[in-house]
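In: Following is a predicted model, sequence given first.
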Amino acid sequence: MSELVSPIKVGPAKDVLLLHDGSPFAKTVARLLALDYRLGGHNLERDPAPAAVSAQALVCCFSRFRSRYLAGVRALAQRFAAPPVVLLAAQSSQSLKLVEEMPGTVCLFEPLNFATLKQTVKQALNTGAEAAWSKLQPQNRQALQASSQSFQSCFAASARGEPLPVEQVFAACRAVKDSFAGANFGEWLSALQLHHDRSYRHSMLVCASLTQFCQTLGVRDADLERVTVGGFLHDIGKFKVPLDILDKPGALDATEEAALQRHPSFSRDILLAETGLDPSIIEMAVQHHENLDGSGYPDGLTGEQISDLVRLTAVADVFTLLTEDQTRQAGRTPEAALEVMANARGHLDLELVRRFRAFVLDGGADAAAA
């Protein structure tokens with residue numbers, strides 16, 4: 001199994017610790033999980049007493065859950081915020097009895113549905129990430145908790161075809177905006193990076209960079225609140241895109257890319273159904289993939305048809321896409337991302353890119369406004 005899962009050792013933190021029995025079933029699961037997560041592994045058949053390892057979620061994968069595994073699993077499970085996820089190749093009364101001795105444990109059986117497996121592991125990971133937020137400064141903790149809860153509420157409402165919880169969104173965005181004024185913004189960003197909901201993480205990173213950049217440009221009060229809400233909701237239409245496309249670790253094929261590019265149109269449908277939502281917030285969500293030369297989507301807008309706020313949103317969105325880590329690839333450095341953006345003539349507003357570069361690399365209102 002060593003070729004599939006790196007053994008426990010001192011080094012970078014893992015996403016998932018996989019306790020296994022070395023069986024073919026465990027090897028198959030390891031291959032699947034390695035598509036999306038950084039794995040650390042320990043074979044309980046070889047050593048029934050695993051050492052502690054830095055990871056966010058515990059997954060146990062056995063052909064059968066044997067009683068001699070229980071002590072090792074229990075000992076490690078106490079170190080995780082979420083109960084372990086147990087994957088079994090076959091059901092048996094003994095295995096089920098052992099699982100029941102660990103309250104809250106999620107148990108899945110062969111044949112595994114890959115989408116269900118990914119979602120279950122992601123939930124365990126996010127429980128761990130959000131538990132770690134308890135150590136943050138109160139303002140940062142409250143902002144992240146409020147934004148995560150609001151994001152999940154929006155997802156649930158969209159799935160049910162219900163109106164968005166707009167008041168909850170605005171309240172969360174006020175908490176987020178206020179947290180940016182704190183002295184430890186780096187703590188906020190580092191905590192956010194632990195989260196494994198890629199859509200939530202991306203939306204919050206766009207929201208953060210857009211809000212802070214606009215603040216350096218002199219945007220204040222209600223206008224800045226609209227910017228923060230617009231950044232938070234800019235990809236709301238992705239709730240209508242299948243998760244296997246949103247979370248795919250590799251490149252999308254043409255059909256998948258076409259499905260993904262429908263998300264601004266979905267955003268229009270979702271946000272136009274809301275009463276009293278500022279038109280600029282809707283424009284940010286619908287138009288941030290438009291290009292100045294008309295080659296963007298969904299409406300092929302050009303030049304002056306694209307507002308300054310939408311142009312700002314596009315800059316923040318592209319910067320975030322280029323710099324955020326993907327499953328198998330680290331994001332570009334800010335300098336490298338900004339170099340790519342500086343050559344995006346016809347797509348991005350290069351004057352805004354120049355100011356954004358000053359904001360990112362030099363910091364402060366004077367640099368961005370120059």
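Out: Yes, it's here.
In: Tell me who's in contact with S280.
Out: Contacts for S280 (Cβ atoms under 8 Å, 6 or more residues apart in numbering) come out as R226, G230, S307, L309. Bear in mind the C-beta positions are built from the backbone N, C-alpha and C, glycine included.
In: what about the last one, which SS state?
Out: The assignment at L309 comes out as helix when based on DSSP: H, G, I helix; E, B strand; the rest coil.
In: about what we covered before: for Q261, state which of the contacts of S280 is nearest.
Out: G230 (19.9 Å; Cβ to Cβ).
In: quick one: contacts for the closest one?
Out: By Cβ under 8 Å, 6+ apart, G230 lies in contact with L210, S280, I281, M284, A285, L309, T313.
In: what residue ranges in the stretch 151-300 of the chain score low on pLDDT?
Out: Counting by pLDDT under 70, the stretch 151-300 of the chain shows low-confidence ranges at 182-183.
In: could you pull out the helices for it?
Out: Counting by DSSP state H, counting those that start in this stretch, the stretch 151-300 of the chain has helices at residues 166-179, 185-193, 198-216, 221-233, 243-246, 254-260, 263-272, 279-287.
In: returning to what we had before: can I get the contacts of S280 in CSV including distance to D317?
Out: As requested, the contacts of S280 are arranged in CSV below (distance: Cβ to Cβ, whole Å):
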residue, distance to D317
R226, 17
G230, 11
S307, 15
L309, 12
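In: and the residues you listed, which two are the farthest apart?
Out: Spanning the widest gap among these are R226 and S307, at 12.2 Å by Cβ to Cβ.
In: Of those two, which one has the most company?
Out: R226 (21 against 15; other Cβ atoms under 10 Å).
In: Distance of that one relative to A129?
Out: Per Cβ to Cβ, to the nearest Å, R226 is found 29 Å from A129.
In: Check the offset of stretch 161-181 from the chain's centre.
Out: On the basis of Cα atoms, centre = their mean, to the nearest Å, stretch 161-181 sits 17 Å off its chain's mean C-alpha point.
In: cool, and stretch 51-65?
Out: Put simply, stretch 51-65 sits 23 Å off its chain's centre (Cα atoms, centre = their mean).
In: same check, this time on stretch 208-216
Out: So, by Cα atoms, centre = their mean, the centroid of stretch 208-216 is 20 Å from its chain's centroid.
In: same question, stretch 323-339
Out: On Cα atoms, centre = their mean, the centre of stretch 323-339 falls 15 Å from the chain's centre.
In: Report the mean confidence score over it.
Out: Taken as a whole, stretch 323-339 carries a mean pLDDT of 86.
In: ok, the closest residue to S158 other than its chain neighbours to F151 distance?
Out: Nearest non-adjacent residue to S158, counting by Cβ to Cβ, 6 or more residues apart in numbering: F239, 4.1 Å away. The gap separating F239 from F151 is 10 Å, by Cβ to Cβ.
In: and the two? which has more neighbours close in?
Out: Counted by other Cβ under 10 Å, F239 and F151 do not tie: F151 has more neighbours, with 24 against 21.
In: wait, that one sits on H202?
Out: No. With contact defined as Cβ atoms under 8 Å, F151 and H202 do not form a contacting pair (10.9 Å).
In: who's in contact with the spatially most central residue of the chain?
Out: Central residue of the chain (Cα atoms, centre = their mean): R198, 2.3 Å from the mean position. Residues near R198 by Cβ under 8 Å, 6+ apart: L246, D247.
In: which element is A30 on?
Out: helix 24-34 (DSSP states H and E).
In: Can you name every helix or strand that that helix contacts?
Out: strand 16-20, strand 39-43, strand 57-62, helix 114-132 (3 or more Cβ pairs under 8 Å, 6 or more residues apart in numbering; DSSP states H and E).
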